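A.B. asks: no sequence on this one, just coordinates:
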């Protein structure tokens, strides 16, 4: 028997997952930049420039913070730093990441109240408003923008409006920022956590944080906010300034990679990046349905532009589909997380995967895999539907 | 006026610091490897192979653990995971890092007892034995092998012998392992933390941990040992096994870099790597003295083979020496940490900086800087002394 | 109006041309290896190892020769070195490259006889045998294995058998070797020229030459064979030996790249590489026809496994199709060469482009472009046909 | 016995040769850029931008030409293209490269007249003027600016003035341009050949040509000027224009590398680059003499700023000195070319080797090697002399 086209120990041809999403050649080259000492003036200048690029990308007036660890570090640090012993947290749960955030919040809060909805839906802003009215002692609201495994989004515009300045707002925008509109100012968001390995196409080992003045003040007033710890946000507030030392050695190589992918993001422009994600998402959704699959989220309004979750046909194990797509077509997909193991897989279309032909590639790989596993799949129709969606997205704007 | 040979915003020609120490071209190339999804089988195989290389490099039978953050994460996690509410910790302090470890220990321990010695000396093993006799309730001993800013080492062979199996032993070997003999088995060390950006010449964003069976058992019995946290060691125990999921996305690029530099370390061989560090250290010490400087540690027995700390002449600010060495000679040195700011700088000779001519380069750069600042410096004598030390180190072994 | 998905000054997502064909990440990393001096022993060892890898890849017992310039240098040098003032050359012409070779041959030969056939066909071996019988003074036969622009191949097995040892045989295998079976020994080929930027996925700046003992002897006996020239093959005969100096500085970076891609070729295995090319070719041919296009070569026997030439529908300019495929789908195709400008384009499926989904990507890009230009294109059918061909190719061998 | 610090099959730490001279990290990263098809619009734009950068670096108004092969290709092509059957060439010989150029000139010229001087001196401009007066039929003068093996330079300002517009002027500036002032306009130079692997710190596989209008006209009028050949300059005249096709596939990767190192050259500025070379040269010369060695060229006026040739003490083989410097100190030097084998070696200080501490590194390595071979070497004095020269070069300009 022949060996598979893509043996498991050789790299895949395409990474179309919920992230890490791959990286451009220029970003990879930057990751291979010589490793300087962190106090070298050239690295200091690079770090400062990186924070400034991030500020421009975030569209904020305050300098953002880079934490030296994967996005989970930013999320855990946000809980540890912001949530004090006196805080009552309203945690919104529309998926596994929202549920998990409750665990972190409970470590630090006086009380955690939760609104949980089925994981193929979003938390209605009305219920948030209601909860805030019912419990005037709520001081912090936490919400996940995009639930990666489910490919669903909460309506942050509406939820943020419901929160207003009634409470501090923690947003997990790890897999949405960059691919979808995130207006930190309009949301009055206080602590937003973004992962560079998602829509930016950057390295995995960093957390990118927007922190509002109110959040800084709340942290400063929290005696248990970590200091001298990997979980400290306060320690890194001024780390980008030439006058301030780094609390510890930052992840030199990752900072070079981040600097590069932020430059690419700014050059392309936030609007263009979002349109690219929207087009790929439209193609993936249309194609998956034409292939014969059901989208996990029935309501179009809750579907993310960064990742599409699809149910497998009865009797087909999503893990096997992914394994075949990887082996036969060289396409790496994600899936199998927690509750969804075996039944729901994700087509990622974010960062370097949010390009016109990416969904086509994913669909053909899934279609081939389904057939190999004995299930029906209308590959031709899927590709036609994806292409039609792409052409529609590419319609020139009027004028 | 001409601009400096090495403007601050361009890279230096040589990084001869206490770490990060730079990286080989092959390691840099590996850092630029395509960013795969963490569940991609090719990445899984690479991760497993990396842990196995680390096991061989550590010379241990147990699989080591990689934590996804700079060495301080490993150190903090060791305290958080191993030190329970019932533990009494004997913390040995011969420098700033030892002092700092006491702060972490106090967060978690019932009581922290400290033996502190002047920072140009080492903790005598006899005092450790004495303290253990005096306080039978001590359960954990923590010690820094090499105090980077001071360029001093504690005698781990003797201290570990004094501890024996009387207590668990936490060792900060961040800047010693690789460059000096570290016999984890003979030491009966229970939790050792190593940084890949030091003697390995690797990326900065990871912690490398040796964990003994006794340490695993102690952690398992510690109800406050972190879980679901960046500070959890337990979460990552089996992360290298194909059967176990990663607790969260590892730092993909850094793992590729680590895999590469471990391969180079094993190919060169631990003995050869240590000899290379010893030779560079001998050259740096002899040369610095011939240049007219005083070594920080008067006792040759406590001087590290990985970094040499030197006092500046009266009236000369070490920060200015470093700035001039960087600007005029393209040599980045380290210094200015805490108590030593202004007076003591470090010549790093570890990892890619532990090669024959590195100390010569550092000495010439320091000598030029001293002269520019109006101080005397016998550069010719310094180079001659360094070269003499190199030739002596290169003497062929008998037989 | 939106700007195109792939602006002309940004890199394409996919290069599916007749070559250069792109390169793997490992090959690109090797191209970025530090530039050593050519007499450095490490480079000497690398050069020797590269020639040995090439020998293994060629499946020959004689050490091959690397010329320091693109494949045209090898072809021109072959003419200049091998063809003496007394030689009568039989040049076989089934396409533009064969025609061009006649020009080179005429510079050096006493006489050049040509057999020319239409450019969508191949030269029948019978006509070669006949010509050799008719003209006993023919000393050299020259033939192009794969005519890239036409995607056609001459039957080298048959032609070489017709030549036997009657004459020296020059083979342009630039775009066939690696992707199709080339048995230099069985062919008794005397001078074969291969380009690393084709099926190997290597750099463009080198020529790879197999030279037989008979060819070496013929060159040695040719007083006009260049010496002290970029066109000299003789100068480089022993350049890979430690004992021999390089005639001039070789293309250091390209040699590193060649060493890497040859390693990958040997690891995959010649048979597997050829099957991969055959499968991609089958998919491209089936798909292009299902898309509604006509293959340039009507006779399946003359179609190359490395590139497929397709005619555009009446009224559609192939240059516009390629421009749209590049701008809208990020797919770079080739075409527009000489006689074929405007009417015939090529889908390359060689080297890094010879993977299962590559033809699918090319077909979708062409289909989208045709529709944008007002022509019909059955994209769904094309993809289905390509997928069907892939599945057929992937059938496990019996037993 | 220990193995050497730098085994022959591992890379050296420092390349301080007459070229290739190494490359910056940014240039190496550019060499690893994805290999595009040569007709890709992104590559076309890059090629055009590279020629424009080269024009700015050359300080000319005419677009220069890139030939796709090492500098010898440019030199041979210059002879083949410019020297017609009716030309009488005055070839100036002050070293091995000048002597070799006579061989190329004789292939094409009606007659070659030579002025030869000892190889430790330069050709006096007066003799050139005299020869031109004596032979009014001389149409072309050819001269090597820097003879790399001898580290000597001809006074091009004076020689060019002597030639004026009396004849076409071919200049081999392969190892001088970039490191020393080359005023193509003032010289009225007609065909200048430069190698990117020398003072630019670029890849080895390209030739960079300045061609004057008069040279273009002379080539156009030369019926034997190559066309359809690697030796054709005419074929590449317009290759950088979007409207013109490439004659054949250019060396994609090398072009990316050239684009990068030209950008660095322009950013640093020609004046700064030349000062850097002059300072390193002064340090190398002063240091070599203080070490106890004799400079090959007794006359300071003929010493190149890019490479310093030194005689070995009696009884010491330069090849052994180089071997020891490479093995013990990781320093690669050049030497052993032709007439100089065994007696004269070169310290390169060009491109990435033309930095302040490079000569120090070379001197220490040579000093250690001499001592190992039983010869005297005052390393301390050598370093002091080199440092003194550096400080003098770094004196701020007045006002």
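C.D. replies: Arrived safely, thanks for sending. Quantities reported herein were computed from a predicted structural model and do not represent experimental measurements.

A.B. asks: what segments of the stretch 1-150 of chain A are helices?
C.D. replies: Under the criterion DSSP state H, counting those that start in this stretch, the stretch 1-150 of chain A contains helices at A:25-31, A:41-58, A:71-82, A:96-108, A:125-134.

A.B. asks: show me the shaky parts of the stretch 201-350 of chain A.
C.D. replies: Filtered on pLDDT under 70, the stretch 201-350 of chain A yields no residues whatsoever.

A.B. asks: ok, residue A:268 - contacts?
C.D. replies: Applying CB atoms under 8 Å, 6 or more residues apart in numbering or on different chains, one finds that residue A:268 lies in contact with residue A:276. Any C-beta I mention is one placed from the backbone N, CA and C, and that applies to glycine too.

A.B. asks: how near is it to residue A:352?
C.D. replies: 12 Å (CB to CB, to the nearest Å).

A.B. asks: sorry, back to before: closest to residue C:263 out of the helices of the stretch 1-150 of chain A?
C.D. replies: helix A:25-31 (20.2 Å; CB to CB).

A.B. asks: tell me the gap between the closest one and the middle of its chain.
C.D. replies: With CA atoms, centre = their mean, to the nearest Å as the basis, helix A:25-31 stands 21 Å off its chain's centre.

A.B. asks: anything in that helix near chain D?
C.D. replies: Yes - counting by CB under 8 Å from any CB of the partner chain, chain D has neighbours in helix A:25-31: A:25, A:29.

A.B. asks: is chain B contacted by stretch A:38-55?
C.D. replies: Yes - Stretch A:38-55 lies within reach of chain B by CB under 8 Å from any CB, at A:38-42, A:45.

A.B. asks: middle-most residue in chain A, spatially?
C.D. replies: With distances taken as CA atoms, centre = their mean, residue A:175 lies nearest the centre of chain A, 0.9 Å away.

A.B. asks: tell me the contacts of that residue?
C.D. replies: So residue A:175 contacts A:18-19, A:145-146, A:148, A:195, A:198-199, A:304, A:306-307, A:350 (CB under 8 Å, 6+ apart).

A.B. asks: can you lay out the residues you listed as CSV showing distance to residue C:50 and neighbour count?
C.D. replies: Output for the contacts of residue A:175, formatted as CSV (distance: CB to CB, whole Å; neighbours: other CB atoms under 10 Å in any protein chain shown):
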residue, distance to residue C:50, neighbour count
A:18, 41, 30
A:19, 38, 31
A:145, 51, 27
A:146, 48, 30
A:148, 45, 28
A:195, 41, 31
A:198, 40, 29
A:199, 41, 34
A:304, 48, 26
A:306, 44, 33
A:307, 44, 33
A:350, 40, 34
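
A.B. asks: where does the stretch 1-150 of chain A have low pLDDT?
C.D. replies: Ranges of the stretch 1-150 of chain A meeting pLDDT under 70: A:1-2.

A.B. asks: host element of residue A:219?
C.D. replies: In this assignment (DSSP states H and E), residue A:219 forms part of helix A:213-220.

A.B. asks: contacts for that helix, please.
C.D. replies: In this structure, residues lying in contact with helix A:213-220 by CB under 8 Å, 6+ apart are A:62, A:81-82, A:84, A:168, A:190-191, A:211, A:225, A:233-234, A:237.

A.B. asks: pick the one among those residues closest to chain D.
C.D. replies: Taking CB to the nearest CB as the measure, chain D sits nearest to residue A:237 out of the contacts of helix A:213-220, at 31.5 Å.

A.B. asks: narrow the contacts of helix A:213-220 to just the buried residues.
C.D. replies: A:81-82, A:84, A:168, A:190-191, A:211, A:225, A:233-234, A:237 (16 or more other CB atoms under 10 Å in any protein chain shown).

A.B. asks: most widely separated two among these?
C.D. replies: Largest pairwise distance in the buried ones among the contacts of helix A:213-220, by CB to CB, is 17.5 Å, between A:84 and A:237.

A.B. asks: up against chain D, what does the stretch 1-150 of chain A have?
C.D. replies: Contact residues, the stretch 1-150 of chain A versus chain D (CB under 8 Å from any CB): A:25, A:29, A:32-34.

A.B. asks: mind doing that once more with 10 Å?
C.D. replies: A:24-26, A:28-30, A:32-34 (CB under 10 Å from any CB of the partner chain).

A.B. asks: ok, those residues vs chain D, which is closest?
C.D. replies: Using CB to the nearest CB, residue A:29 comes nearest to chain D of the residues of the stretch 1-150 of chain A next to chain D, at 4.1 Å.

A.B. asks: that closest one reaches residue C:32, doesn't it?
C.D. replies: Yes - using CB atoms under 10 Å, residue A:29 is in contact with residue C:32, at 8.1 Å.

A.B. asks: what about those two, which has more around it?
C.D. replies: Neighbour count, other CB atoms under 10 Å in any protein chain shown: between residue A:29 and residue C:32, residue C:32 has more, with 28 against 25.

A.B. asks: residue A:313 is in what secondary structure piece?
C.D. replies: Applying DSSP H and E as the criterion places residue A:313 outside every helix and strand.
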